[in-house]
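**Student:** fold the following, please.
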Amino acid sequence: MIRLSCRPTLPWASTAILRQTLGHIVSSKQGISFSAQQSQLTHNHHQPISPHCSVSSLPEFDSVAYANTLQRCISLEEPIKGKALHCQVLKMGNRLDLFGLNVLLNLYVKRGVLSDARKLFDEMPERNTISFVTLIRGYAEEGQWMDGVDVFRRLCREGHEMNVFVFTTFLKLLASMHWSECGSCLHGCVYKLGHDRDAFVGTALIDAYSRCRMVDAARGVFDGILLKDMVSWTGMVTCYAENDCFEDAVVFFSEMRRVGFMPNCYTFSGVLKACVGLEEIRMGRSIHGCVVKSRFELDHYVGIALLDLYTGCGDFTDAHRVFEIMPVRDVICWSLMISRYAQSNQSANAIEMFSRMRKCLVIPNQFALASILQACASSGGLFLGEQVHCHALKVGFDSNVFVSNALMDVYAKCEVIENSMELFLEAPNRNDVTWNTLIVGYGQLGDGEMALTMFMDMLDQQMLPSEVTYSSALRACASLAAMDPGAQIHSLTVKTKFDRDNVVANSLIDMYGKCGNIRDARLVFDMMEERDEVSWNAMISAYSMHGLGEEALQIFKHMQETKCKPNKLTFVGVLSACSNMGLLDDGEVFFTSMVRDFQIEPCVEHYTCMVWLLGRSGKLEKAMNLIREMPFEPSVMVWRALLGACVIHHDLNLGRVAAERVLQMEPEDEASHVLLSNIYATAKRWGNVAYVRKAMKKKGLKKEPGLSWIVIQGNTHYFSVGDTSHPDARLIKGMLEWLKMRTNREGHVPDCNVVLLDVDDEEKERLLWLHSERLALAFALVRMPKGSPIRILKNLRICPDCHSAIKVISKVVHRDIVIRDINRFHHFQDGVCSCGDYW
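**Tutor:** Numbering: from 1, shown residues only. Below is the predicted model of the structure:
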């Protein structure tokens, strides 16, 4: 089982021991009182000894004087002199008293030499509470938490006083360990000893509960504090902000000011974070005004919080102003600005900020490098990405998982994914983002098979997929029209409860729609608890792709009744649905409404849909006029749409104009040559057909051969026109003969006009039954179980005669037959196609 939490776990035995220890604290024997210890620390009538004085110059050993000198070494950050003084004491054969030993212990702790500190602690002839607290604090600061817990247990066993300093120090240690259960146990001990009303202990408890996301418990502690100070209020504001209770944080901040406490830098940082969570930039500006009045605008923590506020709300102008007036700009400030620019698709500003950072001699950390690499990936800046890669290698950040993932993303988005794979194989640490980067990268480059392979490898490595993983794998299935793997991934999302995630559900709708299963696409859509714009667009697009224009428009109508607003992609789906069903009047109404009612300016995709709608409806001149009225230069897709309509309506003159425009933009476009040749062939102008084919041959262009394929039991079977290479060719031929006989008996008359060759009708009829989709269909009828639906994919537009024949076949064999050609899906059932014979 994959562990879902990275917290250190407390062994049951240790928990039991700690519970037992805490349970005996109240009844334990009290040691030296803390007031006495305090007086010992403060009461001093001796002058400090200079660290430079010699042993011979000392008339007699004075422990307090040595302690004061050691304290001076701590304040001046001169630990070496302090250790030398310790050596002097040992050489003289003298021994420091308890006060001096505690100061010396503090010196070793502050220096971070915990091994020497622990040795000194163990050799002390006597110890008090201060000794234990000092060592526990040292272990906590160095991350040696279990050693700190052991020292605390020893303090309890030896019966020393449990004062407020003990509790605050140990609570900070527990908070760092995320040991909420032990924090609760300690809270009970605090309550029994009557320290729960103390502001210092209460604030430490609030911090411990906050880190463990126990907000209600923290509020209970706050309410029990007798004399609340500014630190207590700040701790509660921070607790609410850190645990996403943003409104409560703002209310507490206001209440704090009402009772007369002035906020400090940490209070402002917490409430500004709450403003970011609420996306309330106006409130944030008001608090910024309070910051200025309180003269905290130059504080480093407040400055970072203001940067987070303005960049998080998209106001980079004010963020830049705050950044420029900051007196100290460390790597955190630079990294924050660079990352926010990169996340907002302002790659140029991110790169400029990174250049300024380097000129200011600020050394980038792993987060700064990951952020600038994100900007390189978004802008396609391969050269800069390679330079950052070199820098990461020099400073040793190339093995950092964040930097490594960002580098893989750069190479993947710059279409050098082999470098991404090389980094992946060399990466010592991999997380789900590492796998997702490659899965997404292969999917975006059109290599769906490799994307699915990486997904399967990820599962084999027992790496837990995220919503991004599932969404990317489903998109790969959609691109391959691979419904079986897609359905299996759907099952995984149900088991892991990711099917409730909107991103995954939207990908499921898209996958089922593009795999020809519109029923399951609608089922996923209906089961969604909340739908966003992507959900509605995916469902409209799926219905449009399947030729179900009425259903698509009905979904659009329901969308307008929700809070989701239609966008450009919505109207692409709506206009596409109208063009696929020949709904000319509806299409013109939606095209006008898009601008008038929704303030959406038409883009090239909208014009392409309208040109195809008008042209397919026979309004070729109107389509041409629309192209002339376009506010920008028509794209090649617009002219191709007009050319396709001219082929259908046999308009030779306008088709020739459209073909010339396409070939001006893309001289190597073989599809336009073929369409122009088809127009001439339909008009029996064989000389022009020969001329076009000669031009294609001269340019080295070849007509894309018709290809159909079908997946049966995980194996893909491909068929080309007249293909006899399949192992079951004899069975396929026999099935074709039977189908020809049955369709003729049902009254099917072959349309020989679709064969654009100068041969007799008998030969044309023979060639029609050799089309790739009929071969795939015959194979499916031979090999697939009776009654199961048949799904065939084709790389070209299905020909009219195959469309007519397959309608009859679906009635004869009582099968649901789904064929996806280059434009759309055709659902054949009981002699009827979903397109209504309009495609």
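**Student:** so for His606, what's the pLDDT?
**Tutor:** On the pLDDT scale, His606 is placed at 95.
**Student:** three-state assignment of it?
**Tutor:** Under DSSP: H, G, I helix; E, B strand; the rest coil, the three-state class of His606 is helix.
**Student:** who's in contact with it?
**Tutor:** His606 makes contacts with Lys568, Phe571, Val572, Leu575, Phe591, Met594, as judged by CB atoms under 8 Å, 6 or more residues apart in numbering. Where C-beta positions appear, they are placed from N, C-alpha and C, glycine not excepted.
**Student:** and those residues, which are buried?
**Tutor:** Burial by neighbour count, 16 or more other CB atoms under 10 Å: within the contacts of His606 this picks out Phe571, Val572, Leu575, Phe591, Met594.
**Student:** can you give me how far the helix or strand encompassing His490 is from the chain middle?
**Tutor:** Assigned by DSSP states H and E, His490 belongs to helix 483-495. Computed by CA atoms, centre = their mean, to the nearest Å, the chain-centroid distance of helix 483-495 equals 21 Å.
**Student:** that one - contacts with which helices or strands?
**Tutor:** Using 3 or more CB pairs under 8 Å, 6 or more residues apart in numbering; DSSP states H and E, the elements in contact with helix 483-495 are helix 467-480, helix 502-514.
**Student:** need the contact partners of the first one.
**Tutor:** What that stands for is helix 467-480. With contact meaning CB under 8 Å, 6+ apart, helix 467-480 is reached by 432, 435-436, 439-440, 442-443, 446, 448-449, 451-452, 455, 458, 465, 482-483, 485-486, 489-490, 492-493, 498, 501, 503-504, 506-508, 510-511, 513-515.
**Student:** one more pass at 7 Å, please.
**Tutor:** For helix 467-480, the external contacting residues (CB atoms under 7 Å, 6 or more residues apart in numbering) are 432, 435-436, 439-440, 443, 446, 448-449, 451-452, 455, 458, 485-486, 489, 493, 498, 501, 503-504, 507-508, 510-511, 514-515.
**Student:** all helices for the stretch 651-800 of the chain, in order.
**Tutor:** Counting by DSSP state H, counting those that start in this stretch, one finds helices in the stretch 651-800 of the chain at the ranges 652-665, 670-682, 686-699, 729-745, 761-768, 772-783, 800-813.
**Student:** alpha carbons only: can I get the first one in CSV?
**Tutor:** Provided in CSV are the C-alpha atoms of helix 652-665 (Å, rounded to 0.1, in the frame of the first residue of the first chain):
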residue,chain,number,x,y,z
LEU,A,652,-15.8,24.0,-60.6
ASN,A,653,-15.0,27.8,-60.9
LEU,A,654,-15.3,28.7,-57.2
GLY,A,655,-13.6,25.4,-56.3
ARG,A,656,-10.6,26.3,-58.5
VAL,A,657,-10.3,29.7,-56.8
ALA,A,658,-10.4,28.1,-53.3
ALA,A,659,-7.8,25.5,-54.3
GLU,A,660,-5.5,28.2,-55.7
ARG,A,661,-5.7,30.1,-52.4
VAL,A,662,-5.0,27.0,-50.4
LEU,A,663,-2.0,26.1,-52.6
GLN,A,664,-0.7,29.7,-52.3
MET,A,665,-0.5,29.2,-48.5
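**Student:** same question for the helix holding His490, mean pLDDT?
**Tutor:** If you average the pLDDT over helix 483-495, you get 94.
**Student:** that one vs helix 467-480, what angle?
**Tutor:** 160 degrees (axes from the mean of the first three to the mean of the last three CA atoms, to 10 degrees).
**Student:** does Met463 count as helix, strand or coil?
**Tutor:** coil.
**Student:** wait, what's in contact with it?
**Tutor:** By CB under 7 Å, 6+ apart, the residues touching Met463 are Asp432, Trp435.
**Student:** state the distance from it to Asp457.
**Tutor:** Met463 is 9 Å from Asp457, where distance means CB to CB, to the nearest Å.
**Student:** repeat that for Ser788.
**Tutor:** Plainly put, Ser788 is 31 Å away from Asp457 if you go by CB to CB.
**Student:** same deal with Asn580?
**Tutor:** Counting by CB to CB, the gap between Asn580 and Asp457 amounts to 39 Å.
**Student:** for the chain, just list every one of the strands.
**Tutor:** Per DSSP state E, the chain carries strands over the ranges 707-712, 715-720, 790-794, 817-820, 825-829, 832-833.
**Student:** let me have the ones you listed in a markdown table, extended by mean pLDDT, mean neighbour count and distance to Lys91.
**Tutor:** Listed next are these as a markdown table, based on pLDDT from 0 to 100; neighbours: other CB atoms under 10 Å; distance: least, CB to CB, whole Å:
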| stretch | mean pLDDT | mean neighbour count | distance to Lys91 |
| --- | --- | --- | --- |
| strand 707-712 | 92 | 19 | 86 |
| strand 715-720 | 92 | 16 | 86 |
| strand 790-794 | 93 | 23 | 90 |
| strand 817-820 | 94 | 22 | 91 |
| strand 825-829 | 93 | 22 | 93 |
| strand 832-833 | 92 | 18 | 103 |
